[in-house]
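A.B. asks: next input, structure requested:
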Amino acid sequence: MTRPAIHPRAHDAAIDDALRAAIHDDRLYEVAETLLAAAGRLHPDDALLVDAARRACLRIGEQSLALAHSVADGLRDASIPCAVEVAESRALQYHLCTLSLAGDDPTGAVDWLKSAGFWCPASTDTLHWESFRLRNSELTMCRLDDASSCLRLRWQASRKAGRALALRYPLKALRSLLRRVRQRPPPAIDTVSLGELRGTPRALMPALFEFAALRPEDVVVDIGCGDGRVLIEAARRVGCRGIGIEAQAGLCAVARERISEAGLGDRIQIRHDDSRGFDGSEATVIFLFVPVRALSILVPEMLPKLAPSGRIIAHEQVALGEVVAPDRSAPLIGDCALTVAHLWR
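C.D. replies: Okay, here's the model as predicted:
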């Protein structure tokens, strides 16, 4: 794997600021093109970073479009009509593509995507799923590949969701189901939603580990660890230990299997738990790749629990908003991935 280009030191802080703002505004490609037009006035390292940003957007766009057409072909072969929604620009910041389905029932498409490696925690044979698909018109699923590719499915919204549910599930059956739900014990884990599954692209990990100044003696705790990819790569590349906190039992199983396959069971443990069940005392580094709304809760909760040498590392393409200001931020650009990294001490 090619090592991603990073910005080791700021020759011109204005370049970092411009790229960070451009990522937040989803305008990185356009801003990079403008900056490169004045390349003669840029420090050589800054010019390399800006050009890497431009090329990364192009590669992400190419990969996303290729994924969309590949999935669309597979769905059509399975007799599921769909169309690729082509972005206005072929230079993108996100590994995200969109497919539009014919009709108002995405169940067959979701089942096919799950068989193709895309993650969806919900089973499609439940009343909850029926209610979701009748009351919504899109769903984003993530494939646990190197880029953590996401695919957004869109379908025609149902105008008569309540009636459709009633027709499919007679009143007597609905009452019986609701009675069984009420009688169930509460879940063992009171989960705090961290949003839809998203995985850190592997192309960004070396830059993130350098940004975090990871050392072999560190204990990295990944809140919402997904398939354990960050902990596995940190153990491989740096030699540190890791703890993954994951609320979804299915993802815990995937992470444990991958850790076992990597021969790292003695260095990494996965805990099926909620983020608020972690006291932080074991961590020297807490890693977060979660939506900003979750960061605004988790960062203030975790900071007081850290040892004086501890730090929180997060990365995200959108602005932090109300999140407590980080001690340091930097744009990180890989061959086919990009982000803005933040550090709190």
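A.B. asks: quick one: the helices in the protein?
C.D. replies: 13-24, 28-36, 44-77, 107-115, 127-135, 161-168, 171-183, 205-211, 229-237, 249-261, 292-302 (DSSP state H).
A.B. asks: who does the shortest one touch, helix- and strand-wise?
C.D. replies: I take that to be helix 205-211. Identification of packing neighbours for helix 205-211 by 3 or more C-beta pairs under 8 Å, 6 or more residues apart in numbering; DSSP states H and E yields helix 229-237, strand 311-316, strand 328-333, strand 338-344. For glycine as for every other residue, the C-beta is placed from the backbone atoms N, C-alpha and C.
A.B. asks: what about the stretch 51-200 of the chain, any weak spots by pLDDT?
C.D. replies: For the stretch 51-200 of the chain, the stretches flagged by pLDDT under 70 are 159-196.
A.B. asks: mind redoing it with 90?
C.D. replies: Along the stretch 51-200 of the chain, the parts satisfying pLDDT under 90 run over 86-91, 119-136, 144, 157-199.
A.B. asks: my read: residue 316 touches residue 338, true?
C.D. replies: No. Counting by C-beta atoms under 8 Å, residue 338 is not a contact partner of residue 316; they are 11.3 Å apart.
A.B. asks: report the residue ranges of every domain in this structure.
C.D. replies: 13-62, 72-183, 202-344 (automatic domain parsing).
A.B. asks: most tightly packed of the ones you listed?
C.D. replies: domain 202-344 (a mean of 19; mean count of other C-beta atoms under 10 Å).
A.B. asks: quote the end-to-end distance of it.
C.D. replies: 22 Å (C-alpha to C-alpha, to the nearest Å).
A.B. asks: touching, residue 47 and residue 36? I think so.
C.D. replies: Yes. With contacts counted by C-beta under 8 Å, residue 47 reaches residue 36, the gap being 7.2 Å.
A.B. asks: quickly list what's touching both of those two.
C.D. replies: Jointly contacting residue 47 and residue 36 under the rule C-beta atoms under 8 Å, 6 or more residues apart in numbering is no residue at all.
A.B. asks: just how off-centre is stretch 248-260 within its chain?
C.D. replies: For stretch 248-260, the separation from the chain centroid amounts to 17 Å (computed by C-alpha atoms, centre = their mean, to the nearest Å).
A.B. asks: oh sorry, the question was meant for stretch 223-235
C.D. replies: Distance, centroid of stretch 223-235 to centroid of chain: 12 Å (C-alpha atoms, centre = their mean).
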